[in-house]
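Asker: have a look at this prediction, sequence included:
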Amino acid sequence: MPLDLAFARSQFPALSDDEDSWVYLDNAGGSQVLGTVADRVRDYLLTSSVQTGASYGVSTLAAERLCAGQLAVAELVNASRPEEIVFGPSSTVMIQTLVRAITSALSLGDAVVVSMIDHEANIGPWLALEAHGIIVHRWHLNHETMTLEASDLELLMTPRTRLVVCTQTSNIFGQLIPIAEVTACAHRHGAAVCVDGVAFAPHRLVDVREWDVDYYVFSLYKVFGPHHAVLYGKYDRLLKLANLSHHFVPMDKIPGKLQPGNPNYELSYGATAIPDYLVALGERSGATAGASRRARMAAAFDAIADHESRLAERLLAWLRGRHDVRTIGPASSERSVRVPTISFVVDGIDSERIVRAIDPLRIGIRFGDFYSRRLIEDLGLATGHGVVRASFAHYNTLSDADRLIAGLEQALSGR
Ligand SMILES: Cc1ncc(COP(=O)(O)O)c(C=O)c1O
């Protein structure tokens with residue numbers, strides 16, 4: 001069944017169908033926020049904004065609401081238990097947190113494999129392990145297939161490899177990396193896996209148990225929520241990570257030992273509205289009556305994937321039709337291949353110039369390397385201000401895509 005687009009759009013107060021309204025096509029940078037998320041943040045602040053951990057009623061309510069945030073995100077990613085959800089301000093910080101907490105468990109001569117197509121958030125902190133005598137093997141883009149290849153990973157694995165680190169979707173290419181395959185390869189060699197799901201999670205249903213990933217990081221502000229982020233870790237793995245909090249905090253205080261000073265309470269509570277929205281969207285988009293909440297979320301993402309593939313096709317077809325444009329990433333809009341994060345360069349025109357020509361049209365896109373600087377350098381695109389990137393979310397319409405295409409036609413006609 002098709003996505004109930006009218007319902008979806010009605011849930012995002014910033015969206016409007018007026019002709020002069022903004023078109024948001026910078027969703028890989030940050031999505032719009034659900035009205036219900038904002039309502040819950042407000043409700044938290046106005047009715048339960050006290051410190052958790054005391055015995056009086058409002059404090060226990062605050063603690064329950066923080067716990068509800070963990071439960072909601074556990075439901076969203078299919079974690080086994082809410083303690084597996086660690087909250088923090090951003091994915092960048094969550095990855096740095098993981099690196100800090102894991103370093104003492106690594107020994108001189110141990111190895112980690114790190115993908116070089118990632119956002120720098122998931123590269124730099126791991127490369128810093130070299131200063132501790134850890135060997136870092138770099139998993140490069142395969143220039144023949146223009147993706148990360150599991151066969152290349154296999155060649156990098158050694159008996160001392162403890163961890164494989166990679167993205168599930170490049171924020172430039174939009175291409176899906178088969179993460180279950182990566183995990184299977186890492187586990188065969190006795191290594192754990194840390195996945196950056198930031199560019200994936202707004203587009204497909206995350207299932208950490210199905211993929212058997214050990215650590216998974218993503219940003220809620222890209223999944224229709226507040227500026228807040230998540231580190232999922234398998235319970236037994238989190239137990240073994242170092243305590244980053246006060247010396248008297250016990251090792252089994254999870255996730256507390258990894259959230260020194262506590263996470264943001266109101267944003268954690270605001271996140272409870274995200275799975276509720278997806279369940280409601282699934283009910284309107286083909287879920288069978290009486291289906292479980294997870295099945296309804298799956299129906300929502302199934303409809304989202306179809307709709308987003310149509311949006312991507314509208315823009316990609318236009319890009320394919322131009323002899324002066326090169327798409328950076330798959331030219332296909334097929335949902336099994338990509339999410340609708342689409343990057344391109346135009347021969348002889350600086351990417352900044354194109355985006356600045358679009359800005360007055362009230363269309364939000366952007367140019368640059370998107371902090372995937374090593375990938376952009378590897379592709380030889382560092383000069384010319386990187387790529388132009390248009391990234392759709394499920395609440396975008398085909399007319400949003402058409403407005404962008406008309407704007408690009410106009411920008412390129414006077415070249
Ligand atoms: C793929 C990817 N990973 C990581 C990050 C960093 O996320 P955050 O802004 O939450 O630190 C981003 C941000 O754009 C991203 O696109």
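Answerer: All right, it came through fine.
Asker: could you use CA atoms for every contact and neighbour count after this?
Answerer: OK.
Asker: and the residue nearest to L404 when sequence neighbours are not counted, bridged to which residues?
Answerer: Nearest residue to L404 in three dimensions, chain neighbours excluded: I363, at 6.9 Å (CA to CA, 6 or more residues apart in numbering). For I363, the beta-bridge partners under DSSP bridges are V23.
Asker: so what's I363 up against?
Answerer: Counting by CA atoms under 8 Å, 6 or more residues apart in numbering, I363 touches 22-25, 404.
Asker: include neighbour count, distance to S309 and pLDDT when you put those residues into a markdown table, please.
Answerer: What follows is the contacts of I363, written out as a markdown table (neighbours: other CA atoms under 10 Å; distance: CA to CA, whole Å; pLDDT from 0 to 100):
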| residue | neighbour count | distance to S309 | pLDDT |
| --- | --- | --- | --- |
| W22 | 16 | 22 | 96 |
| V23 | 23 | 18 | 97 |
| Y24 | 22 | 17 | 98 |
| L25 | 24 | 15 | 98 |
| L404 | 22 | 16 | 98 |
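Asker: what sits against G261?
Answerer: Here G261 is in contact with S245 (criterion: CA under 8 Å, 6+ apart).
Asker: got the phi and psi for the residue of the stretch 301-415 of the chain found nearest the ligand?
Answerer: Residue nearest to the ligand within the stretch 301-415 of the chain (CA to the nearest ligand atom): F370, separated by 6.6 Å. For F370, the backbone dihedrals are phi 50, psi 30 (criterion: degrees, to the nearest 10).
Asker: quick one, grab the pLDDT at it.
Answerer: If you check F370, the pLDDT there is 98.
Asker: name the nearest residue to the spatially most central residue of the chain, ignoring sequence neighbours.
Answerer: Taking CA atoms, centre = their mean, the centroid of the chain lies closest to V198, which sits 1.4 Å from it. Excluding the flanking residues, the one nearest V198 by CA to CA, 6+ apart is F218, at 4.3 Å.
Asker: mind checking what secondary structure that neighbour has?
Answerer: Under DSSP: H, G, I helix; E, B strand; the rest coil, the three-state class of F218 is strand.
Asker: likewise for F344?
Answerer: Going by three-state DSSP: F344 is strand.
Asker: could you count how many residues lie near it?
Answerer: 21 (other CA atoms under 10 Å).
Asker: then the one 5 residues further on?
Answerer: Using other CA under 10 Å, I349 has 15 other residues around it.
Asker: what phi and what psi does the backbone show at it?
Answerer: Per degrees, to the nearest 10, the backbone of I349 is at phi -120, psi 130.
Asker: and it, how far is that from R338?
Answerer: 26 Å (CA to CA, to the nearest Å).
Asker: equivalent analysis for V33, please.
Answerer: Counting by CA to CA, the gap from V33 to R338 is 23 Å.
Asker: who has more neighbours out of the two?
Answerer: A direct count of neighbours by other CA under 10 Å for V33 and R338 places R338 higher, at 26 against 22.
Asker: A79 should be in a strand, yeah?
Answerer: No: the assignment for A79 (three-state DSSP) gives coil, which keeps it out of a strand.
Asker: isn't it right up against V208?
Answerer: Yes: using CA atoms under 8 Å, A79 makes contact with V208 at a distance of 6.4 Å.
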